[in-house]
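# Sequence plus predicted model, see below.
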Amino acid sequence: TWSSTWATTCTSTPPRATPRWAAPYSLTMAVAACAHYEHGYYTAYRRLAEQEPDLVVHLGDYMYEYAPQGYTAMGGAVREHTAGRCDTLADYRMRHAQYKSDADLRAAHAVAPWLVSFDDHEVENNWAGEVSGSGVPEFARRRANAFQAYYENMPLRAASVPDGGSIRIHRRVDWGPLARFHLLDTRQFRDDQACEDGLRAGCDDRLATRRTLLGEDQRRWLLDGLASSRARWNLVAQQILMAQRDHRAGPGIEVNMDSWDGYAAERARLLTGFRDSGAANPVVLTGDMHMHHAADLRLDFDDPDSPKVGVELVTSSIASDGDGYRDRARVAETIAENPHISYLDQRRGYIVCRITREELRADFRTLDYVSRRGAPARTGARFTVPAGHSALL
């Protein structure tokens, strides 16, 4: 009851609704993800709210399921989860209630309507379809409990009421003719991670054509929606890094099996579909990584001359992993290995995008610390995507 009361207070009466039939000249949206309560204070939510966006797009890991100190960050915890790992419906409801007790989060909810989609920690770390990420017994029951609590506590429509242990998260939302949001579910329909998950080199299984992350029905739904879209901008909101990222310096490639790199053949089909759909100005919005990325999306990431078919904007975390840092040498090394990536920043933060008919401008906002309150937010980088150009400037 407590949890549902907080959700109603924070999300049921947004100051503005999405203008389905109006013709807005611009949209200012904030993009956020990954807010581990123990790892830091929610100053980034406060700074986001102070910018008074028209819309907040939250891309998952809104809350974390771990027991107290179950996932530690460098520097330790600044506060503590309620007792026990989330398992029962009561556990998940209480955890949502604890997160919504934070005044900075409530301010972000109050400033604008939210579009939301979950990632893994709203249920369990790195779960995949019907497969538990940690091998817990009765995972189907635990997942159903998590879905129910998520629906009760987040701004979702009746179409997302959980049904038989499943929940519909992928959906489309129009912001007049200016922008169409295609929100994806990258957890519920995926195959298990290849090669036992984690960072892996030489994992041929990740290349298998049969492997799916979206599931056939959702992939077709997305591509059909792109093909039929008449919006000026098509914003694909999803959870995990879509651009290839090689984590190994020098010869060879080492990639994350939980990201799109673990489902490379489906990614190739999807990016080809972006190109063939004719949809105007596709931009992928992503969370999960706990660091900012700005990248061009190519049909073949190993070919620097391969066509660009869209851009990806990846937000850092609100609090997860604690105080960030700037390892300039590591950033330079990573960009050298991945020339389609233009920007990386390991500090905490969020993105603010201003969209007009002519361009999308993305400000990557950063905070130097979250282990204590009051950090200012600054623009660490700014990129512009002109309408009609599938590349970052």
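Right, received. Where do you want to start? None of these values were measured; they are calculated from a predicted model.
# From Asn153, how far out is Tyr42?
16 Å (Cβ to Cβ, to the nearest Å). Any C-beta I mention is one placed from the backbone N, CA and C, and that applies to glycine too.
# of these two, who's got more company?
Counted by other Cβ atoms under 10 Å, Tyr42 and Asn153 do not tie: Asn153 has more neighbours, with 25 against 22.
# Just to check, the more buried one is in contact with Lys100?
Yes - Asn153 lies in contact with Lys100 (Cβ atoms under 8 Å); the separation is 7.1 Å.
# Tell me which residues touch Gly380, please.
If you count contacts by Cβ atoms under 8 Å, 6 or more residues apart in numbering, Gly380 has them with 292, 345, 347, 349, 364-366.
# how long is stretch 241-255 end to end?
With Cα to Cα, to the nearest Å as the measure, the ends of stretch 241-255 fall 11 Å from one another.
# Could you give the average pLDDT over it?
Mean pLDDT, stretch 241-255: 96.
# now the helices: where do they sit in this structure?
In the chain, the segments counted as helices under DSSP state H are 2-11, 43-50, 89-100, 103-111, 139-153, 216-228, 264-277, 328-337.
# Flag whichever of the ones you listed has the least confidence on average.
helix 2-11 (a mean of 40).
# where's Ile341 relative to Arg326, distance?
Taking Cβ to Cβ, one finds Ile341 at 16 Å from Arg326.
# cool, and Ile169?
The value you get for Ile169 to Arg326, if Cβ to Cβ is used, is 34 Å.
# Pick out whichever of these two has more residues nearby.
Neighbours were counted for Ile169 and for Arg326 using other Cβ under 10 Å; Ile169 has more, 23 against 13.
# residues contacting that one?
117-118, 160, 183-185, 188.
# swap the cut-off to 7 Å and go again
Shown in contact with Ile169 (Cβ atoms under 7 Å, 6 or more residues apart in numbering): 117-118, 160, 183, 185.
# of those, closest to His58?
When the contacts of Ile169 are compared for distance to His58 (Cβ to Cβ), Ser117 wins out at 7.5 Å.
# so Pro24 touches Pro177, yeah?
No - applying Cβ atoms under 7 Å, one finds Pro24 not in contact with Pro177, separated by 8.6 Å.
# Please tell me how far the closest residue to Arg46 other than its chain neighbours sits from Ala128.
Distance criterion Cβ to Cβ, 6 or more residues apart in numbering; nearest residue to Arg46, sequence neighbours excluded, is Asp104 at 4.1 Å. Using Cβ to Cβ, Asp104 is found at 32 Å from Ala128.
# Neighbour count: Pro24 and Pro177, which is higher?
Looking at Pro24 and Pro177 with other Cβ under 10 Å, you find the greater number of neighbours at Pro177, namely 18 against 15.
# Distance check, that one against Val283.
16 Å.
# Next: Val236.
Val236 is 7 Å from Val283, where distance means Cβ to Cβ.
# cool, and Ala227?
Taking Cβ to Cβ, one finds Ala227 at 17 Å from Val283.
# quick one: which of these two has more around it?
Val283 (21 against 12).
# For that one, name its beta-bridge partners.
On the basis of DSSP bridges, Val283 is bridged to Leu235, Val311.
# which ones are touching it?
Counting by Cβ under 7 Å, 6+ apart, Val283 touches 233, 235, 310-311, 313, 360, 385.
# Nearest spatial neighbour of Leu213, chain-adjacent residues omitted?
Leaving out its chain neighbours, the residue that sits closest to Leu213 by Cβ to Cβ, 6+ apart is Tyr263, at 4.1 Å.
# Could you tell me the model confidence score at that neighbour?
Looking at Tyr263, its pLDDT is 98.
# thinking it is in contact with Thr209, fair?
No - using Cβ under 7 Å, Tyr263 is not in contact with Thr209; the gap is 10.4 Å.
# Show me the shaky parts of the stretch 51-200 of the chain.
For the stretch 51-200 of the chain, no stretch is flagged by pLDDT under 70.
# Surely Asp205 and Gln193 touch.
No - contact criterion Cβ under 7 Å: Asp205 and Gln193 do not qualify, at 9.5 Å.
# of these two, who's got more company?
Legend: neighbour count by other Cβ under 10 Å for Asp205 and Gln193, higher for Gln193 (25 against 14).
# I appreciate the help and will end here.
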